[in-house]
Structure formats: structure tokens, C-alpha cells
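**Student:** any chance you could fold what I've pasted below:
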Amino acid sequence: MHKRSKSLEPYRKMEEHDGRGNNGATSCDDLATGKAPSLAAAAQCSTVSVYLAKINAVPRLVTAVWNKNLINQSFTISIDRPDDDDGPVTHKVELKPWPFWSKKGAKALDVGGDRVDMFWDLRSAKFAASSSPEPAGGYYVALVSNEEVVLLLGDCKKDAYKRTKSRPSLEDAVLMCRRESVFGRRSFAARARLDPRRSKEHEIVVESSLAAGSRDPEMWITVDGFVLVHVKNLQWKFRGNETVLVDEAPVQVIWDVHDWLFAGPGSQAAFVFKPGAPPEVQEDSGGNGIQGEGTDFCFFLQAWRTE
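**Tutor:** Numbering: from 1, shown residues only. This is a model prediction of the structure:
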């Protein structure tokens, strides 16, 4: 398990959803007002989460993708097979805006000869006012293997266990990495866990003065309303990193906003939030102090600038 967690495979799983319609972004303002988006019409807001779950006693990567564009919304579950040449086993649920779309359902999947049952119920799902396509609560998506719930998304856990008639897995699925794609003019917001061992989510907001035509552009990164990173002279510091404290635990913040500055509207910036202190700090402190426990988990924020 530990060896697998060091692999780059979870990050490759997220890269598989880059471009080609799965990873674009649709403006929060455009969605609210019905205006035509500045980017391609097929662009979407999306979240991609990669988990490591025990399926029939074998660790497998499971990818959950939520997508939303101007006319449609969907979620997709993909499970790695033992032989990567076969590609993952995938089931997509279209959340179409009419009465008979499948807000509740079940699907049996064959994963390398092992049966995995997928259950979902989004009849009472609550979606945040932001552009995130992932429900904020009132739902569940469950994967069952050998009468164990090996992966459970959402907050309706009791309903999930009752419906699946299955017990919780002895080993909880581990969130390996997550990416959210959003876009806007000067402000970009997302909610994310910065400690994969805890369910607490943090409000992350990135703001810049680029849209105002400032001669000396600046950038602010806030977490839960507190400004933790303030970059002045952004035209010279368009790439960088800082280690900040969130709930008294260190988090590395890495940014690359080069294209915002030099490619103009329609470009993207990348932000990475990685729990734990940089390796050199952990080594210098002898593994003690404020750095906390290291982790392979990362949260990626992909921010598309519309103008």
C-alpha cells in the first residue's frame, strides 16, 4: 500500500481527463446569467478525485469525475482493471434536466472478473451556488465489493448502508489527489480538503488585479477568509511557492500564472496545495515541529481567465 501511494499513477489518472471536453471550465457568471461563455461552448466545470480502494482485497485506483456545462451535468466512476491494457471499467450517469433522469440507480460492474456494484441517490442532492458541479450534500455514491462498501461519496452514509445492505470496509478508501477546474474574471473559488484524513473542507479563493488593468499586478490566495499568500510584482513572480499554516498545520502552496500575464483571456493558471512542509524543512527539524505528518495527497486548482 505504501509503495503504491508513492506512484505518480493517481496524477496520470487526472491527466487522462485533461482537454477533450472533460476538463474545460464554464464561467460562474455565464452560468448564472445565461450568457454565452467566453471559452469554447463545450467547456465544462469539473472535479476529478482519485481514490485508492480495496476491491476484492486488491488495491485499485477509482476515479470520480463530476462535470457541468450550460446544458448538461454528469458524474462518472472509473475503476482500474488488473490489466491496464484493457483500460478502466467506467460507468457514466447523465443528470439530465427532466423528471425521468436517473437520480437514483444501481449498476453491476465487472472488474477483472470481480463484481462491483455501484449505487447512487441524488434525489435530495444540494448544489452550492458556486460553479462546482459536485453536490455539497444530500446524496451518496457507493461502491460495494464482497458485501463491503469500499468507497462511499457524499454525506448520506446511513441511507447508503441501508440500501446496499453491506457493511463498511475494514480499510477506508484513501483520497490520493483531487483537481477542480473553475474560471472567472479576477476571482476563482473552490472548496477542498487539505488533509485527506479529515472530512473538513476549506474555502480557497484566488484573486488577482489583472482584470483591472493594473500596471503592477498582484495576487491574493485566501483560505477560509484569511489571506495566506500575497504576491506583489506578479509580472516577475508569476511562478513561486510558499508554505503556510492552515489549522496550525503546514501546507505548501505552489503557483504558475505565467499564461494569465502573457497569454491573455482564455488562458489558465495552475495552483497546487500540498499538505506538509517541504522535505528540507522536515529533515532540518528532525521530523518534529510544525510540519506535521507528510502526505502524498495534493489538491490542484486549475483557474481559467475569461477576460
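
**Student:** what bridges to Val223?
**Tutor:** Beta-bridge partners of Val223, counted by DSSP bridges, are Ile204, Phe226.

**Student:** return the set of buried residues in stretch 54-73.
**Tutor:** Residues of stretch 54-73 classed as buried: 54-55, 60-70, 73 (neighbour count, 16 or more other CB atoms under 10 Å). (C-beta placed from N, C-alpha, C; glycine too.)

**Student:** can you give me the end-to-end span of it?
**Tutor:** Counting by CA to CA, to the nearest Å, you get 29 Å between the two ends of stretch 54-73.

**Student:** which SSE is immediately downstream of the worst-scoring helix or strand of the chain on mean pLDDT?
**Tutor:** For the chain, counting by mean pLDDT, DSSP states H and E, helix 28-33 ranks last in confidence among helices and strands (a mean of 32). For helix 28-33, the following helix or strand on the C-terminal side (DSSP states H and E) is strand 45-55.

**Student:** what is that next one packed up against?
**Tutor:** helix 9-15, strand 58-68, strand 140-145, strand 148-154, strand 174-184 (3 or more CB pairs under 8 Å, 6 or more residues apart in numbering; DSSP states H and E).

**Student:** the last one pairs with which strands, and in what direction?
**Tutor:** Using DSSP bridges, the strands paired with strand 174-184 are strand 45-55 (antiparallel), strand 298-305 (parallel).

**Student:** CSV please, covering those strands and showing mean pLDDT and distance to Asp172.
**Tutor:** Putting the strands paired with strand 174-184 into CSV (pLDDT from 0 to 100; distance: least, CB to CB, whole Å) gives the following:
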stretch, mean pLDDT, distance to Asp172
strand 45-55, 92, 9
strand 298-305, 93, 19
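
**Student:** and those as CSV, adding distance to Ala189?
**Tutor:** Converted to CSV, the strands paired with strand 174-184 look like this (distance: least, CB to CB, whole Å):
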stretch, distance to Ala189
strand 45-55, 12
strand 298-305, 9
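
**Student:** can you pull the pLDDT of the closest residue to Arg191 other than its chain neighbours?
**Tutor:** Nearest residue to Arg191, sequence neighbours excluded (CB to CB, 6 or more residues apart in numbering): Glu201, at 4.7 Å. Predicted confidence (pLDDT) for Glu201: 87.

**Student:** please name the residues that touch Glu201.
**Tutor:** By CB atoms under 8 Å, 6 or more residues apart in numbering, the contact set of Glu201 is 191-193.

**Student:** do you know how far it is from Arg115?
**Tutor:** From Glu201 over to Arg115 the distance is 33 Å, taken as CB to CB, to the nearest Å.

**Student:** what does Thr47 give?
**Tutor:** 27 Å.

**Student:** those two: which is more packed in?
**Tutor:** A direct count of neighbours by other CB atoms under 10 Å for Thr47 and Arg115 places Thr47 higher, at 22 against 13.

**Student:** what sits against the more buried one?
**Tutor:** 65-66, 132-134, 178-181.

**Student:** that one pairs with what?
**Tutor:** Trp66, Glu180.
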